[in-house]
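>>> Pasting a predicted model and its sequence here:
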Amino acid sequence: MRLGALFGPEIPVKAAWADCEIAGLAADSRAVRPGFVFAALRGVKADGARFVADAVAAGASAVLADEDAAIDVPENVAVVRAGNPRRALARAAARFYGRQPEVVVAVTGTNGKTSVVSFVRQIWEAMGLMAASAGTVGVVGPCGERPLAHTTPDPVALQALLAELDDEGVTHAAIEASSHGLAQCRLDGVRLTAGAFTNLSRDHLDYHASAKDYFDAKARLFRELLPEGAAACINMDSEDGKRMAEIARERGLALTTVGRHGTALRLTGWSREGLGQRLVIAAEGSEHEVFLPLVGDFQASNALVAAGLVIAAGGPAGIAVRSLDRLKGASGRLELVAMTGAQAPVFVDYAHTPDALDNALRALRPYASGRLVVVFGAGGDRDHGKRPLMGEAAARHADLAIVTDDNPRTEDPAAIRREVMARCPDAVEIGDRAEAIERAMSGLRQGDVLLVAGKGHERGQTVGTRTIPFSDHEVVRGLAGREDEREAIHG
Ligand SMILES: CC(=O)N[C@H]1[C@@H](OP(=O)(O)OP(=O)(O)OC[C@H]2O[C@@H](n3ccc(=O)[nH]c3=O)[C@H](O)[C@@H]2O)O[C@H](CO)[C@@H](O)[C@@H]1O[C@H](C)C(=O)N[C@@H](C)C(=O)N[C@H](CCC(=O)O)C(=O)O
Ligand SMILES: Nc1ncnc2c1ncn2[C@@H]1O[C@H](COP(=O)(O)OP(=O)(O)OP(=O)(O)O)[C@@H](O)[C@H]1O
Ligand SMILES: N[C@H](CCC[C@H](N)C(=O)O)C(=O)O
Ligand SMILES: [Mg+2]
């Protein structure tokens, strides 16, 4: 593709450069190949302009930069200026790859995105469509599963992925829109049919300057990204949901509201039934009773958002609602991973925010006729403020809390644990995560329930800058297996 066409009418490219043939795009100088456009972006840690010389040495034909960035390049390298280079990069990547599944929907909110995109994919599959989902647990589609480095990939990787899905015959894709992804314009080139909002609570205040900033990042999906005529599905059971709906309404988006306070899909009845829940949903003037085979009260709201999003994107309401009775939970989302020898269930969950931990523990309480035990920690190099609040949630809902490590990254793990324990001083502190899980599991009696929270599907523990293989699933299964063996030997 030629440089002029790549940037389109909104970004002027000097005539002398317009016909320059472009081989690819990269925002990281280390990914630049001959003939590439290098986008020199200002980031949190560095200014991409510092790496222009590296990009040129790697063969960059053009540099995309801020209006005011000081860029020094040889005469044969083009310089393209943009007021918002991140957005320009995203839109250029969309033109470069040139194809996306017919229907792409995006889901934002603090909690529930991974679950919702997975549910949307499953509902579409039940309708016989070629569907895929992409986000924290990777890409899942007709060609199998593959991991992703980020919940919302950088714009070049995201456009490459959408093109690949289109090539594989995927017509319907559901993707997670993280607040980082929205703030950094990673989704700006995506042609969206509909967007959804789950909920908002504290997270990522290390990155976003304030709670308002965090809300505004999520609101970008409805204020700016969804094109005119697109649809929005909003869970109305929170004040933030109502504000988001107002924003969508003002934009003239076709609104599908869901939840106990929703209109399109209203939850009018709910009861827990074994490892599932029975929902009564009012839709299009009639009531549907469905059994949702998932643990966790909050999964009802995720299921409603998913069905609402499918409807918002043009799917029939009846099938969307009926398909809920076959949904499978996303990996590591309140997943029942093992039963101990004492017949105590062990759940693995991804709760890594105060609200999520609160919800996960409350969801499991009814299953504990004995004690509710939780093993959890908080991630390093992330929002410090959420740590004591997570401790508080554990102290409030669990009978026994074991505070351990969860990706300490470059921080001192003991210092993180101290911050968590500030509000759960009675917790037991065991830094080594495997040991913490072992201690918790070995103490379980019949009637007890264990929640291992924070890592969900993750397959590594990041200590410093190294990631050591680690999986809560494997540790739990391994320990349960050992108990079974002991049982078999000793009777
Ligand atoms: C805070 C954040 O989101 N950072 C992401 C962002 O970095 P940045 O733009 O601030 O980059 P920077 O490190 O300051 O460097 C500036 C620029 O110089 C470039 N560079 C840097 C070094 C070099 O040698 N050459 C070079 O060209 C970088 O590629 C970058 O373009 O863009 C980078 C390139 O795409 C990402 O790798 C990086 O993700 C970091 C590693 C990260 O941890 N991000 C997490 C927090 C994240 O994005 N999480 C959300 C999910 C969160 C959730 O909802 O729970 C996600 O969507 O995954
Ligand atoms: N609707 C919800 N309301 C509150 N908590 C929820 C909800 N859905 C999920 N959770 C909790 O949040 C955790 C993360 O859920 P999920 O992975 O679906 O969300 P996410 O938005 O994708 O999170 P992330 O941004 O970290 O990828 C779950 O493991 C569960 O504990
Ligand atoms: N997307 C989230 C995931 C957190 C998961 C938890 N295990 C941690 O490392 O804090 C983040 O990057 O903040
Ligand atoms: Mg996610």
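On my side now, so go ahead. Ligands and ions are numbered 1, 2, ... in the order given.

>>> Could you report the pLDDT at the closest residue to L334 other than its chain neighbours?
Excluding the flanking residues, the one nearest L334 by CB to CB, 6 or more residues apart in numbering is G296, at 4.2 Å. C-betas here are computed from N, CA, C, even on glycine. On pLDDT, G296 comes in at 90.

>>> just checking, G296 is part of a strand?
No - assignment of G296 by DSSP: H, G, I helix; E, B strand; the rest coil gives coil, placing it outside any strand.

>>> For it, which residues are in contact?
329, 333-334, 359-360, 363 (CB atoms under 8 Å, 6 or more residues apart in numbering).

>>> what's the answer for L25, then?
Contacts for L25 (CB under 8 Å, 6+ apart) come out as 36-37, 39, 89, 92-93, 96, 156.

>>> That one bridge partners, please.
V37 (DSSP bridges).

>>> From G308, how far out is it?
Per CB to CB, to the nearest Å, L25 is found 35 Å from G308.

>>> again with G83
For G83 relative to G308 (CB to CB), the value is 35 Å.

>>> With neighbour numbers in mind, choose between these two.
When G83 and G308 are compared for neighbours, G308 comes out ahead with 32 against 11, by other CB atoms under 10 Å.

>>> Could you list the low-pLDDT ranges of the stretch 51-200 of the chain?
The stretch 51-200 of the chain contains no residues with pLDDT under 70.

>>> Does stretch 144-159 reach ligand 2?
Yes - with CB under 6 Å from any ligand atom as the measure, stretch 144-159 is seen reaching ligand 2 through T151.

>>> Can you get me a residue count around A342?
A342 has 15 nearby residues by other CB under 10 Å.

>>> That one should be in a strand, yeah?
No - A342 is assigned coil when assessed by three-state DSSP, not a strand.

>>> Quick one: residues contacting it.
If a contact means CB under 8 Å, 6+ apart, then A342 has 444-446, 448 as its contacts.

>>> Touching, R362 and A394? I think so.
No - between R362 and A394 no contact is recorded; they are 11.8 Å apart, counting by CB atoms under 8 Å.

>>> between these two, which one's more packed in?
Using other CB under 10 Å as the criterion, R362 and A394 rank with A394 on top: 30 against 16.

>>> Could I get the full set of strands for the stretch 151-300 of the chain?
Counting by DSSP state E, counting those that start in this stretch, the stretch 151-300 of the chain has strands at residues 172-176, 194-197, 231-235, 254-259, 265-273, 276-283, 286-292.

>>> Turn those strands into TSV, including mean neighbour count.
Listed next are those as TSV, based on neighbours: other CB atoms under 10 Å:
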stretch	mean neighbour count
strand 172-176	29
strand 194-197	30
strand 231-235	29
strand 254-259	23
strand 265-273	15
strand 276-283	19
strand 286-292	15
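
>>> Ok, which of those strands comes nearest ligand 3?
When the strands of the stretch 151-300 of the chain are compared by CB to the nearest ligand atom, strand 172-176 sits nearest ligand 3, at 9.8 Å.

>>> and the closest one, how far out from the chain's middle?
What separates the centre of strand 172-176 from the centre of its chain is 11 Å, taken as CA atoms, centre = their mean, to the nearest Å.

>>> ok, is that strand in contact with ligand 1 or not?
No - using CB under 6 Å from any ligand atom, strand 172-176 stays clear of ligand 1, with a minimum separation of 7.4 Å.

>>> Which strands or helices does that strand pack on?
Contacts defined by 3 or more CB pairs under 8 Å, 6 or more residues apart in numbering; DSSP states H and E place strand 172-176 against strand 103-108, helix 113-126, strand 131-135, helix 155-167.

>>> hang on, the earlier thing: can you flag the buried ones in the contacts of G296?
Buried residues within these, counting neighbours by 16 or more other CB atoms under 10 Å: 329, 333-334, 359-360, 363.

>>> which one among those residues gets closest to ligand 4?
R333 (9.2 Å; CB to the ion).

>>> Could you report the distance from that closest one to H397?
Taken as CB to CB, the span from R333 to H397 is 18 Å.

>>> Could you do V280 as well?
Distance, V280 to H397, using CB to CB: 27 Å.

>>> Contact residues of this protein facing ligand 3?
Residues of the chain that fall close to ligand 3, judged by CB under 6 Å from any ligand atom: 151, 352, 379, 382, 406-407, 454-455, 458.

>>> interface residues of the stretch 151-300 of the chain facing ligand 2?
Proximity of the stretch 151-300 of the chain to ligand 2 (CB under 6 Å from any ligand atom) is limited to residues 151, 176, 178, 198-199, 298.

>>> export these to a markdown table and tack on distance to E246?
Formatted as a markdown table, these follow (distance: CB to CB, whole Å):
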| residue | distance to E246 |
| --- | --- |
| T151 | 26 |
| E176 | 23 |
| S178 | 23 |
| T198 | 17 |
| N199 | 16 |
| F298 | 23 |
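
>>> most neighbours, which of the residues you listed?
Neighbour counts for those (other CB under 10 Å) peak at T198, which has 29 neighbours.

>>> my guess is that one contacts F298, does it?
No - using CB under 8 Å, T198 is not in contact with F298, being 9.1 Å away.

>>> What is the longest helix of the protein by residue count?
When secondary structure is assigned using DSSP state H, the longest helix within the chain turns out to be helix 472-490.

>>> any bit of that one sitting next to ligand 2?
No - Helix 472-490 lies out of reach of ligand 2 by CB under 6 Å from any ligand atom, never closer than 11.6 Å.

>>> who touches that helix?
With contact meaning CB under 8 Å, 6+ apart, helix 472-490 is reached by 332, 335, 337-341, 346, 348, 433-434, 437-438, 441-442, 452, 455-456, 458.

>>> Kindly provide the whole-number mean pLDDT of that helix.
Summarised as a single mean, pLDDT over helix 472-490 is 83.

>>> With stretch 339-350 instead?
Mean predicted lDDT for stretch 339-350 stands at 96.

>>> Would you tell me whether that stretch gets close to ligand 2?
Yes - contact of stretch 339-350 with ligand 2 (CB under 6 Å from any ligand atom) involves 349-350.

>>> how about that stretch: buried residues?
Residues 340-341, 344-350 are the ones in stretch 339-350 that count as buried (16+ other CB under 10 Å).

>>> swap in stretch 24-32?
The neighbour-count check on stretch 24-32 (16+ other CB under 10 Å) flags 24-27, 29, 31-32 as buried.

>>> What of stretch 235-243?
Buried residues in stretch 235-243, counted by 16+ other CB under 10 Å: 235-238, 240-241.

>>> Also stretch 433-453?
For stretch 433-453, the buried set under the neighbour-count rule, 16+ other CB under 10 Å, comprises 433-434, 436-441, 443-444, 448-453.

>>> do the same with stretch 383-396
For stretch 383-396, a neighbour-count test (16+ other CB under 10 Å) marks 383, 386-395 as buried.

>>> Name the residues that touch it?
Residues outside stretch 383-396 that contact it (CB under 8 Å, 6+ apart): 202-207, 352-355, 357-358, 361, 374, 376, 378, 401, 403, 416, 419-424, 426-427.
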